[in-house]
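>>> Output the structure for:
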Amino acid sequence: MMKKWYRYVLAGCLAISMAVGLAGCGGSEESASNDEQVVIYTNADPEAQDAFKHALDNNGFEGKYVMQSFGTSELGGKLMAEGKNIEADMITMSTYYIDSAQKQNNMFADLTFDAKTLQETPAYYKPTTGQFGAIFVNTDVLQKENLPMPTTIKDLANPIYKDKISLPDIMGSSTSWLLAQAVFDAYGEQDGAKLLKVLEANAGPHMEKSGSGPLKKVKAGEVAIGFGLRHQGLMEQQKGLPIKVIDPKEGNFFLTEGVAVVNKGNSKKQELAMKMAECIIKNSRAELLKYYPMALYEGETVDKSFEPTYPKQYKEKLTVDLLKKHQQLIKGNETK
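Okay, here's the model as predicted:
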């Protein structure tokens, strides 16, 4: 099953042929009042939010929605705590949070449209983006500091890298979970937790709450090495910056984000939110693939030269409970 996901992964040169179609989704040009506007909560990056807005605005939904941005942990907390009482009519969010919120709160409506995904998904969401984890290196800083090129995550525990690496913090960034999954999968929970604690100590003041924080520090030359989202590192590498993306031998693990509609009793607003969700899926993919080049739907292809070397899927289903377990293993009492 995993082969289907990564066989088409990551690209610069995209050859996109959408089987789901790129037609408009039936919106009208009239603006809605504030009470009638669909409220969209999202944890998406700015590039993804722009793609969503372009799809909606270019297909008759301009002025009919308001999009509010949250961090993954903040929005996840709202989903779990508020359920159907959440203000949002539609959300785009990490799919492990969507699954966990649905299991706990039964809060999402089954989607009324079809789009043929490469991997089977539940009836209540469709994926919007996929992201792999990887190491990136500032080659200028690495040479200046006379540091060896790492090939594994475990390499970064070497004292030679003390205060020369930047990592995302699992208490604030879902990107860090990609790092943790790779370590736990390769070394087991007990040894993996020990290794991750050593890595955090090596990063020292360069632990980042934001998943993009390590790459920013690598770009700025504040550190030599970072861990984050592979596609972001590739984008900087393609700009001609001294950034090299390293696929760790422990594996390139991935997370997906998706769109879901909150079930609020088959109201007209819910019907409109459903049309918007369909519009996002059917009209944003070409733009999204430029920034998140991972094929998710039948008919999508991306340049194979950009696929990760060691793509892997975690052995257990990703859930909020599993994330909390991993946080506890790494942080102990800090999670309380």
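
>>> From here on, just use CA atoms for contacts and neighbour counts.
Will do.

>>> Leaving aside the residues adjacent along the chain, what's closest to Ile153?
Pro248 (6.0 Å; CA to CA, 6 or more residues apart in numbering).

>>> Which stretches in the stretch 201-336 of the chain count as strands?
For the stretch 201-336 of the chain, the strands defined by DSSP state E, counting those that start in this stretch cover 207-208, 225-229, 243-246, 252-261, 300-302, 311-312.

>>> Please report the distance of the residue nearest to Ile153 from Pro311.
Distance of Pro248 to Pro311, given as CA to CA, to the nearest Å: 10 Å.

>>> Mean neighbour count added to the strands of the stretch 201-336 of the chain, as TSV?
Shown next, in TSV, are the strands of the stretch 201-336 of the chain (neighbours: other CA atoms under 10 Å):
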stretch	mean neighbour count
strand 207-208	21
strand 225-229	30
strand 243-246	22
strand 252-261	23
strand 300-302	23
strand 311-312	21
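
>>> since we're on Pro205, how many residues are nearby?
Using other CA atoms under 10 Å, Pro205 is surrounded by 13 other residues.

>>> circling back to that earlier point, which of the strands of the stretch 201-336 of the chain sits closest to Ile40?
For those, distance to Ile40 was read as CA to CA. The smallest value, 9.2 Å, belongs to strand 252-261.

>>> need the contact list for Ala88.
38-41, 262 (CA atoms under 8 Å, 6 or more residues apart in numbering).

>>> how about 6 Å then?
Contact analysis of Ala88 by CA atoms under 6 Å, 6 or more residues apart in numbering lists 39-41.

>>> Could you list which of those residues belong to strands?
In this view, the contacts of Ala88 that belong to strands under DSSP state E are 39-41.

>>> can you map out the helices along this structure?
2-6, 46-57, 72-82, 95-105, 139-144, 175-203, 213-220, 230-238, 268-283, 285-291, 320-331 (DSSP state H).

>>> Can I get the ones you listed in TSV including mean neighbour count and distance to Phe254?
Supplementary listing: the helices of the chain in TSV, determined by neighbours: other CA atoms under 10 Å; distance: least, CA to CA, whole Å:
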stretch	mean neighbour count	distance to Phe254
helix 2-6	16	10
helix 46-57	19	17
helix 72-82	17	15
helix 95-105	20	11
helix 139-144	15	25
helix 175-203	20	6
helix 213-220	21	17
helix 230-238	20	10
helix 268-283	22	20
helix 285-291	21	15
helix 320-331	17	14
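
>>> where in this protein is pLDDT low?
Residues of the chain meeting the criterion pLDDT under 70: 1-34, 305, 333-336.

>>> Break it down into its domains, please.
Taking automatic domain parsing as the criterion, the chain consists of the domains 17-130+256-304, 131-253+310-335.

>>> Let me see the contact set for Met266.
If you look again at residue 266, you'll see it is Asn, not Met. With CA under 6 Å, 6+ apart, Asn266 has no contacts at all.

>>> rerun at 10 Å
The neighbours of Asn266, taking CA atoms under 10 Å, 6 or more residues apart in numbering as the test, are Ala109.

>>> Now do it against Gly211, distance only.
Distance of Asn266 to Gly211, computed by CA to CA: 36 Å.

>>> Over to Ile170?
From Ile170 to Gly211 the distance is 9 Å (CA to CA).

>>> who has more neighbours, those two?
A count of neighbours by other CA under 10 Å puts Ile170 above the other of Ile170 and Gly211, at 25 against 21.

>>> okay but that one is in contact with Lys197, surely?
No - taking CA atoms under 10 Å as the definition, Ile170 is not a contact partner of Lys197, at 11.4 Å.

>>> picking that back up, which neighbours do Ile170 and Gly211 share?
Going by CA under 10 Å, 6+ apart, residues that sit against Ile170 and also against Gly211 are 176-177.

>>> The residue lying closest to Glu222 once chain neighbours are set aside: what's it in contact with?
In this structure, Glu222 finds its nearest non-sequential neighbour in Lys164, 7.9 Å apart by CA to CA, 6+ apart. Contact partners of Lys164, counting by CA under 10 Å, 6+ apart, are 141-142, 145, 147, 156, 202-206, 218, 221-226.

>>> ok, back up a step: tally of neighbours for the residue nearest to Ile153?
Using other CA under 10 Å, Pro248 is surrounded by 25 other residues.

>>> That'll do, ta.
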